[in-house]
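[1] Here's my sequence, what's the structure:
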Amino acid sequence: MKVVIIGGVAGGATAAARLRRLNEQAEIVVFERSGYVSYANCGLPYYIGGTIADAGALTLQTPESFERRFRVDMRVRHEVTAIHPDKKTVSVKNLATGEEFEESYDKLLLSPGAKPTRPRLPGAGLEKVFTLRTVEDTLHIKDYINAHHPRSAVLAGGGFISLELAENLRELGMEVTIVQRPRQLMNPFDPDMAAFIHAEVRRHGIKLALGHTVEGFAEQGDGVDVLLKDSAPLHADMVVLAIGVTPDTALAKEAGLELGLKGSIVVNDRMETSVPDIYAVGDAVQVKHFVTGEDAVISLAGPASKQGRIAADNICGGDSRYLGSQGSSVLKVFDLTAAATGVNEQSAKKAGLDVDTVVLSPMSHAGYYPGGKLMTMKVVFEKETCRLLGAQIVGYEGVDKRIDVLATAIHAGLTAIQLKDLDLAYAPPYSSAKDPVNMAGFMVENLTKGIVKQFHIEDVSALPQDGSVTLLDTRTAEEYAGGHIDGFVNIPVDDLRRRLGELDKGKPTYVICQSGLRSYIACRILSENGFDCYNFSGGFRFYDAVVNDRRLTEQAAACGMDRG
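    Coordinates of the predicted model:
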């Protein structure tokens with residue numbers, strides 16, 4: 001059996017290694033257009049910033065190491081220019097020599113990945129406008145920085161690569177501005193959770209121009225003007241396009257393969273395309289979202305590697321199935337860690353799901369053990385069934401651990417209530433006896449049993465200020481004096497029982513504290529005494545972060561620049 005693989009990064013390289021482990025006799029040929037195979041895309045920004053000092057560390061395997069270990073014919077600088085399903089051949093061009101030839105196959109695996117989205121804008125091809133996707137892109141940017149010592153950069157786009165690159169350029173001492181049309185960074189997060197990411201990048205001096213549309217680029221002096229719709233241009237020494245990626249599927253289209261979302265390759269759960277004996281994996285394929293069941297294109301290394309393994313199994317006569325992508329991800333943002341899995345609240349509602357959320361601010365480990373730090377967790381679940389749909393966490397230590405537990409719970413089909421039953425490891429330096437994941441389960445259980453009712457940040461502006469409801473802040477007097485929501489009166493939770501006479505049982509009572517815990521206790525006191533009580537989800541800390549972010553974003557939208 002002869003297997004030809006187009007693309008030798010995550011999906012293709014994984015498939016090649018798995019094929020050899022399953023079949024020692026197969027002939028395996030990999031064509032990779034770039035000069036590198038099995039390289040670490042996610043590490044590219046960190047080489048530019050100097051965190052990864054050796055460019056060689058970005059390459060996990062070389063053609064020579066692949067040949068020695070797996071006896072795979074790994075041909076770099078070879079571009080496949082056409083697929084001929086009728087003849088079961090591919091046309092190939094050796095980019096080093098110009099030679100063109102045809103290669104036959106019994107099975108063909110497409111792993112072309114995705115290419116940076118390059119909008120057809122004036123000036124997009126300027127010398128000082130870069131993209132970042134391959135090792136060659138990385139070396140090009142690094143060489144430019146070393147040679148020209150730019151002092152400022154504009155990054156167009158606010159996803160993973162943009163934030164990682166922004167941090168690394170900032171560490172080099174450059175002034176950095178991120179501009180994009182959506183009014184938030186990181187679409188996997190709801191706007192309220194993205195507020196914490198915005199605050200962190202602003203704290204480190206990065207400027208945000210959110211809600212602005214880039215209309216082109218123009219050389220101006222020694223730099224580049226980023227032309228914005230309805231706003232003054234942004235000027236910088238260099239620009240990086242990080243608007244997103246587009247499935248690289250021109251070959252598949254020309255060969256007559258069925259295409260789907262964003263021009264991605266349609267595959268079944270065995271990673272088979274619409275054409276016999278042709279498989280496809282990675283960023284170029286359309287998959288099912290594990291939570292919603294909807295078609296999706298999810299560009300992450302983990303799913304690509306799994307798909308490569310599954311395709312190899314099936315090529316070798318197995319019956320492996322891909323169950324779908326959850327989009328589990330984690331990101332370092334300076335000192336902060338931001339992670340998400342499943343669907344966020346906005347996406348769930350767009351999918352037609354009736355959802356609710358709980359927001360909590362637990363410590364990373366036991367409060368009495370030194371060094372604990374707050375994290376903010378948002379868990380999304382279906383109201384009627386309590387099916388766990390997604391989660392977002394922003395914090396410091398322990399964020400990655402909790403998101404992985406929640407991702408596993410989603411995959412296992414647990415309800416949000418069942419999170420309370422998980423038996424998770426505990427020692428004071430690492431967690432609490434009631435882990436944050438358990439706490440989320442307790443909160444959902446209380447909601448479903450009617451032990452507590454809650455209101456959300458979007459409800460605050462609609463609360464009447466005419467005295468028909470009671471608005472109660474149960475923090476200390478000092479906390480209240482440091483900032484509070486207009487209209488909320490202060491009765492500390494520890495004084496509440498003796499001051500119940502100051503409150504009217506005939507009015508609904510809306511209660512807030514710093515994190516949601518003391519206000520929950522207050523709601524139990526009030527409910528047991530005949531009050532109709534609602535607890536604010538997330539607490540004043542959450543409210544203040546979100547409202548402050550909205551204010552800064554609106555100011556930036558009005559003047560065309562976030563002043564940091």
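[2] For the stretch 151-300 of the chain, just list every one of the strands.
    For the stretch 151-300 of the chain, applying DSSP state E, counting those that start in this stretch gives strands covering 152-156, 175-180, 207-210, 214-220, 223-228, 231-236, 238-241, 245-247, 265-266, 278-280, 285-288, 295-296.
[3] Out of the ones you listed, indicate the one that is most buried.
    strand 278-280 (a mean of 27; mean count of other CB atoms under 10 Å). The C-beta positions use only the backbone N, C-alpha and C, and glycine is treated the same way.
[4] which helices and strands does that strand pack with?
    Applying 3 or more CB pairs under 8 Å, 6 or more residues apart in numbering; DSSP states H and E, we find strand 278-280 packed against strand 107-110, helix 301-315.
[5] try 6 Å this time
    strand 107-110 (3 or more CB pairs under 6 Å, 6 or more residues apart in numbering; DSSP states H and E).
[6] So what touches the strand it packs on?
    Contacting residues not belonging to strand 107-110 are listed as 3-6, 15, 277-280, 311, 315 [CB atoms under 6 Å, 6 or more residues apart in numbering].
[7] which one among those gets closest to Ala96?
    Among the contacts of strand 107-110, Ile6 lies closest to Ala96 (CB to CB), at 17.6 Å.
[8] hmm, back to that, among the strands of the stretch 151-300 of the chain, show the one with the smallest mean pLDDT.
    When these are compared by mean pLDDT, strand 245-247 comes last with a mean of 89.
[9] Which neighbouring elements make contact with that one?
    Judged by 3+ CB pairs under 6 Å, 6+ apart, strand 245-247 is in contact with strand 114-116.
[10] follow-up on the earlier one: in PyMOL, how would I select the buried members of the contacts of strand 107-110?
    Here is the PyMOL command that selects the buried residues among these (16 or more other CB atoms under 10 Å):
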select buried, resi 3+4+5+6+15+278+279+280+311+315
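[11] Please render the contacts of strand 107-110 as TSV that adds distance to Thr476 to the earlier fields.
    Formatted as TSV, the contacts of strand 107-110 follow (distance: CB to CB, whole Å):
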residue	distance to Thr476
Val3	68
Val4	69
Ile5	63
Ile6	64
Ala15	59
Asp277	70
Ile278	66
Tyr279	62
Ala280	59
Ala311	59
Ile315	65
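[12] Give me the longest helix you can find in the protein.
    helix 539-559 (DSSP state H).
[13] now that helix against strand 175-180, angle please.
    Calculated by axes from the mean of the first three to the mean of the last three CA atoms, to 10 degrees, helix 539-559 forms an angle of 90 degrees with strand 175-180.
[14] Report the distance from helix 539-559 to the chain centre.
    Centroid displacement of helix 539-559 relative to its chain, using CA atoms, centre = their mean, to the nearest Å, is 21 Å.
[15] elements contacting it?
    Helices and strands touching helix 539-559, by 3+ CB pairs under 6 Å, 6+ apart, are helix 191-203.
[16] same thing but at 8 Å, please
    Packing partners of helix 539-559 (3+ CB pairs under 8 Å, 6+ apart): helix 191-203, strand 207-210, helix 457-460, strand 509-512.
[17] related to what we said a few turns ago, now for the strands of the stretch 151-300 of the chain, which one comes closest to Gly125?
    Gly125 lies closest, by CB to CB, to one member of the strands of the stretch 151-300 of the chain: strand 214-220, at 8.9 Å.
[18] mind listing what the closest one pairs with, with the direction of each?
    Here strand 214-220 is paired, per DSSP bridges, with strand 223-228 (antiparallel).
[19] circling back: pLDDT averaged over the longest helix of the chain - what is it?
    What helix 539-559 shows for mean pLDDT is 89.
[20] same question, stretch 492-499
    Here stretch 492-499 scores 97 as its mean pLDDT.
[21] Please apply the same query to stretch 51-60.
    The average pLDDT for stretch 51-60 rounds to 78.
[22] All the helices of the stretch 351-500 of the chain, residue numbers only.
    Listed in chain order, the helices of the stretch 351-500 of the chain (DSSP state H, counting those that start in this stretch) span 399-411, 436-448, 457-460, 477-481.
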